[in-house]
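A.B. asks: Just the structure for this:
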Amino acid sequence: MNLASLTLVNLGRNKRRTVLTLLSVTVALFLYCSLSGVLDTLDEATHVGSENRMVVRNAISLVFPLPLSMETRIAALPEVRSVAMQNWFGGQDPKDPRNFFAQFGVESETFFPMYANEIDIVQNSPAQGAVSVPAGMDPKLASYMAEQTACVVGDDLMLKNGWRVGQTIHLNGTIYPGSWPFTIRAVYRSKVKAFGNEVLFFHWKYLYENSAHQASAGLFKVRLKDPGQASEFAHKVDEMFVNSDYATHTETERAFAAGFISMYGNLPFVLKVIGLAVVFAILLIAANTMVMAVRERTSETGVLKTLGFTDASIFSMVLAEAISISLLGGMIGAFGAKQLVSGFNMGGFLPPMVVRWSTVWSGLVVALLVGAISGWIPAWQASRLRIVNALRRVD
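C.D. replies: Alright, predicted model coming up:
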């Protein structure tokens, strides 16, 4: 009988305790990798967007609007290729107010050509008659462009809510009161994961032609002719409006996303502390399990030494048992987090959840360390045990 077979026998000696310890490690590593996945997602969010697209917003805060007249002045600058207004709608599903997803009113004529390389139109209603679309826009959006109440929806959002193309849905306005009907005329799928597939886009004109609010823009998306002009353009725009009632803050789309993440405050630090607390807790559980297991087998350890097993063999056998439980539980937890958490939607403000492979491997390293540390002291005690003292104990 070799050390591997002895380790397997010992693992199956108290099946209930082994399974419970295994499940504890699994849950702990699942939580550890899931929390690390949130950090991965926040990091991914800082890389959302393009360096040749700029965001012009109110310098005070994102919640303060900008006058529509700004668009003409911004579009007249030589660095600009196109400008698109975008407004947050903030509607609620009347059937389930907790069913949160992002909705934006956009200047469709320029917005969709601006993002033509990021999204594909995978479903659409056929256009009734000849409908022209602006240059650079997918012709599949013809039926959307022909109807004021039309909307474009991400395919994940369609699947989640069980919607179909051509269906009219209603959202209850919060910022813009009332019941707002939207007819789904097209479904998009993002080519870039960070863009997200759970967003509803509709015509900006529909919002302001049917709202009591004064027409304004939440922000302007600006596509530049040359990404190298981003810094010069940002300075020029902010200087243009610095003395107006609506001072602006202009930055690249990527910097805008990174700034949005900064509003989460010290969340990364909190998640790291929680992750370390989870690992420490499971370390104590695993160590307690191994101490109990070795103590129960004190006399058997004496017998093994009598049969010729060396101190090193005893040490290796106990350590292998601890590592086996921890590593197996860690594998289930880490790979489970990769499969179950990845792709989870964060509500439109962040890209879908991602658990990187580096996080999975770091979780396995943590599991290995937990097993090694929790088994080290019991293994050392067992290896140092004298035969006479071990055989003196009667179970």
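A.B. asks: residues near G178, how many?
C.D. replies: Residue neighbour count, defined by other CB atoms under 10 Å, stands at 12 for G178. C-beta here means a position set from N, CA and C on the backbone, and glycine is covered the same way.
A.B. asks: Neighbours of L283, how many?
C.D. replies: 19.
A.B. asks: Same question for E209.
C.D. replies: 10.
A.B. asks: Give me the pLDDT for it.
C.D. replies: Predicted confidence (pLDDT) for E209: 85.
A.B. asks: what does T46 give?
C.D. replies: Listed pLDDT for T46 reads 59.
A.B. asks: and what of I332?
C.D. replies: pLDDT, read off for I332, is 91.
A.B. asks: The nearest residue to it once chain neighbours are set aside - how many residues pack around it?
C.D. replies: In space, I332 comes closest to T26 once its chain neighbours are excluded; the distance is 4.6 Å by CB to CB, 6 or more residues apart in numbering. Counted with other CB under 10 Å, the neighbours of T26 add up to 20.
A.B. asks: Same question for T26, what's its three-state structure.
C.D. replies: helix (DSSP: H, G, I helix; E, B strand; the rest coil).
A.B. asks: hang on, isn't it packed against A334?
C.D. replies: No: shown here, T26 and A334 do not form a contact pair, counting by CB atoms under 8 Å, at 9.1 Å.
A.B. asks: any idea how this protein splits into domains?
C.D. replies: As given by automatic domain parsing, the domain ranges for the chain are 3-46+265-392, 53-225.
A.B. asks: Could you tell me the least trusted of these?
C.D. replies: Looking at the domains of the chain, the bottom one is domain 3-46+265-392 with a mean of 77.
A.B. asks: Identify each buried residue in whichever strand in the chain runs longest, please.
C.D. replies: Secondary structure of the chain per DSSP state E: the longest strand is strand 178-190. Across strand 178-190, burial judged by 16 or more other CB atoms under 10 Å covers 180, 182-188, 190.
A.B. asks: Provide a list of residues in contact with D311.
C.D. replies: D311 is in contact with 305, 383-384, counting by CB atoms under 8 Å, 6 or more residues apart in numbering.
A.B. asks: if I look at A382, how far off is L304?
C.D. replies: 9 Å (CB to CB, to the nearest Å).
A.B. asks: for L284, same thing?
C.D. replies: 28 Å.
A.B. asks: Which one of the two is surrounded by more residues?
C.D. replies: Set L284 next to L304 and count neighbours by other CB under 10 Å: L304 wins out with 20 against 11.
A.B. asks: all helices for the stretch 51-200 of the chain, in order.
C.D. replies: 69-75, 108-114, 142-145, 155-161 (DSSP state H, counting those that start in this stretch).
A.B. asks: a markdown table for those helices, including mean neighbour count and distance to S358?
C.D. replies: Output for these, formatted as a markdown table (neighbours: other CB atoms under 10 Å; distance: least, CB to CB, whole Å):
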| stretch | mean neighbour count | distance to S358 |
| --- | --- | --- |
| helix 69-75 | 15 | 41 |
| helix 108-114 | 22 | 33 |
| helix 142-145 | 22 | 40 |
| helix 155-161 | 18 | 25 |
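A.B. asks: on that earlier part again, what sits in contact with each of A382 and L304?
C.D. replies: Common neighbours of A382 and L304 (CB under 8 Å, 6+ apart) are I314.
A.B. asks: picking up where we left off before, need the contacts of D311 in TSV (columns: neighbour count and distance to V19).
C.D. replies: Listed next are the contacts of D311 as TSV, based on neighbours: other CB atoms under 10 Å; distance: CB to CB, whole Å:
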residue	neighbour count	distance to V19
K305	20	29
S383	20	27
R384	10	30
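A.B. asks: Looking at those, which one is closest to V278?
C.D. replies: When the contacts of D311 are compared for distance to V278 (CB to CB), S383 wins out at 30.3 Å.
A.B. asks: quick one: the strands in the stretch 151-300 of the chain?
C.D. replies: 168-173, 178-190, 199-203, 219-224, 248-252 (DSSP state E, counting those that start in this stretch).
A.B. asks: Tell me where the stretch 1-150 of the chain has strands.
C.D. replies: Counting by DSSP E, counting those that start in this stretch, the strands of the stretch 1-150 of the chain are 53-58, 80-88, 102-106, 119-124, 150-154.
A.B. asks: quick one on the thing from earlier: turn the buried residues of strand 178-190 into TSV, including distance to D93.
C.D. replies: As requested, these are exported to TSV (distance: CB to CB, whole Å):
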residue	distance to D93
W180	11
F182	11
T183	16
I184	14
R185	19
A186	20
V187	18
Y188	20
S190	22
